[in-house]
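**Q** model the following, please.
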Amino acid sequence: MIRELGRSLGNTVMETVGRAASRVQERRPLPVDLLESEDAFLAVFDAPGATSSDVQVRFDDDAVEVRIDRFRDFYEGFEMLVPGRGLALDGRVTLPEDAAVEPDEADATLRRNGTLEVRIPKDEDAPEMPVEEESTAVEDAEPSTADESADEDADAPEADDA
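**A** All right, here's what the predicted structure looks like:
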């Protein structure tokens, strides 16, 4: 009986800690790098555990905005002990003030290693004015040579939380 009480108390503590960790992850913005070339900007977001159908990308007021609504897989014969991964994740990066871009020509690619790349071409001839509410579809990509080493384990089953 004492053993069962200890196990129950331990499970309650683990669940509480997991839920707190999940809430912290959901409140923290997705890490992002913003890169620039001669002809485009590239926003690179960490998108762990996302699939292309989980990801929404928008360009609004000179910023790239990302929303990821992940779902947990269920594993037969397992029960959830620690729900520690956030399911609703957001990220945003603002382009430089003088950036003239073509958001309707942007493309987003979700790599198998959990990296979301949003490429926004520059428009050198466009007048500088904010563009609002442009959405971009997200594609799944075959891994590039750089991704192959990181993706070797991607085909192995993962031990996701149920």
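**Q** surely Gly91 and Val57 touch.
**A** No - between Gly91 and Val57 there is no contact under CB atoms under 8 Å: 9.7 Å. For the C-beta atoms, the positions are set from N, CA and C on the backbone; glycine is no exception.
**Q** give me the common contacts of these two.
**A** Jointly contacting Gly91 and Val57 under the rule CB atoms under 8 Å, 6 or more residues apart in numbering are 65-66.
**Q** ok, residues contacting stretch 89-102?
**A** With contacts defined as CB under 8 Å, 6+ apart, stretch 89-102 is touched by 25-26, 29-32, 34, 36, 41, 43, 45, 47, 50, 59, 62-68, 70, 120-128, 131.
**Q** which among these end up buried?
**A** 25, 30, 32, 41, 43, 45, 47, 50, 59, 62, 64-66, 68, 70, 120-123 (16 or more other CB atoms under 10 Å).
**Q** can you get me a residue count around Glu97?
**A** Neighbours of Glu97 under the rule other CB atoms under 10 Å: 7.
**Q** go on, the one 4 residues further on?
**A** Val101 sits with 21 neighbouring residues when counted by other CB under 10 Å.
**Q** in this protein, which spans are helices?
**A** Counting by DSSP state H, the chain has helices at residues 2-27, 145-151.
**Q** mean pLDDT lowest where, among those?
**A** Mean pLDDT is lowest for helix 145-151 among the helices of the chain, at a mean of 42.
**Q** what sits opposite Val55 in the beta ladder?
**A** Ile68 (DSSP bridges).
**Q** mind listing what it touches?
**A** When contacts are counted by CB under 8 Å, 6+ apart, Val55 touches 47, 66-68, 108, 110, 116, 138.
**Q** flag the shaky bits of the chain, pLDDT-wise.
**A** Within the chain, the ranges that satisfy pLDDT under 70 run 1, 3-27, 82-86, 126-137, 139, 141-162.
**Q** understood, closing this out.
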